[in-house]
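> Sequence and predicted model, in that order:
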Amino acid sequence: MSGRARLARHETIAKAQGLLAIEPLLVGADEDLVSVLRRAFGQPSTRVLGVVDGDGVLVGILPIRELVYEVLGRVMPEVLLPSVVDYEGLTRFVHVVEGRTARDAMLPPAVLAETASVVDAFRLMHARMVSGLYVVDAQGRPTGYVDLLELAAGCLEPPADAAPTR
């Protein structure tokens, strides 16, 4: 972000995306979770994967944390087993171990329109407790990705013409 102008709080996401560098990572709803995790290894800066259907419409999101736990639950269940302390925990554990595809593990979509503001993005990320959102067109197809950390850096970056601080 160095040398770029600071993002204004009411800047549109469409304009903000031009200053941000993290690319979306889209996976098919029926892709196997291990394959999805391997794809995520190649793009570690994208912390929330977008899950799309056959028409390219965003049908869900898959935060990296959820993805890793889903895969670990299958290959190393002993990692998650200590967290099972009640019926709800057992139900979640069984879901994790049985999850096979992105559709099984995904959360409902967290999306913004290009006309939404930077403030709207922060509010939605906070409300949904996710670190990234997908920008979608009128048909629900992803056109971009907005990441919490990168967006925060853009808002805090001093203007390019600001005098250096000592």
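Everything's here; your move. Keep in mind it's a predicted model, so treat the numbers as computed, not measured. Numbering: from 1, shown residues only.
> give me the low-pLDDT residue ranges for the chain?
When the per-residue scores of the chain are filtered using pLDDT under 70, the ranges that remain are 1-5, 18-19, 73-87, 89-99, 157-166.
> quick one: contacts for the most centrally placed residue in it?
The centre of the chain sits closest to V48, judged by CA atoms, centre = their mean, with a distance of 2.1 Å. Neighbour list for V48: I61, L62, P63, I64, A110, V130, S131, G132, L133, Y134, Y145, D147 [criterion: CB atoms under 8 Å, 6 or more residues apart in numbering]. (Each C-beta comes from the backbone N, C-alpha and C, glycine too.)
> Chain neighbours aside, what residue packs nearest to it?
Nearest residue to V48, sequence neighbours excluded (CB to CB, 6 or more residues apart in numbering): G132, at 3.4 Å.
> quick one: contacts of stretch 116-123?
Residues outside stretch 116-123 that contact it (CB under 8 Å, 6+ apart): 7-13, 16, 112, 133, 135, 146, 148, 151, 154-155.
> quick one on the thing from earlier: in helices only, show me the contacts of V48.
Judged by DSSP state H, the contacts of V48 include I64 as members of helices.
> In PyMOL, how would I select just the buried ones from the contacts of V48?
Entered in PyMOL, the line below selects the buried ones among these, by 16 or more other CB atoms under 10 Å:
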select buried, resi 61+62+63+64+110+130+131+132+133+134+145+147
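> which one among the contacts of V48 gets closest to T101?
Within the contacts of V48, distances to T101 taken as CB to CB reach their minimum at L62, with 10.4 Å.
> returning to what we had before: R47 is in contact with the residue nearest to V48, correct?
Yes: with contact defined as CB atoms under 8 Å, G132 reaches R47; the gap is 5.1 Å.
> overlap in contacts of those two?
By CB under 8 Å, 6+ apart, G132 and R47 have these common neighbours: P63, D147, L148.
> Run through who's touching stretch 124-134.
Under the criterion CB under 8 Å, 6+ apart, residues 22, 24, 46-48, 50, 58, 61, 63, 107, 109-112, 121, 142, 144-149 lie in contact with stretch 124-134.
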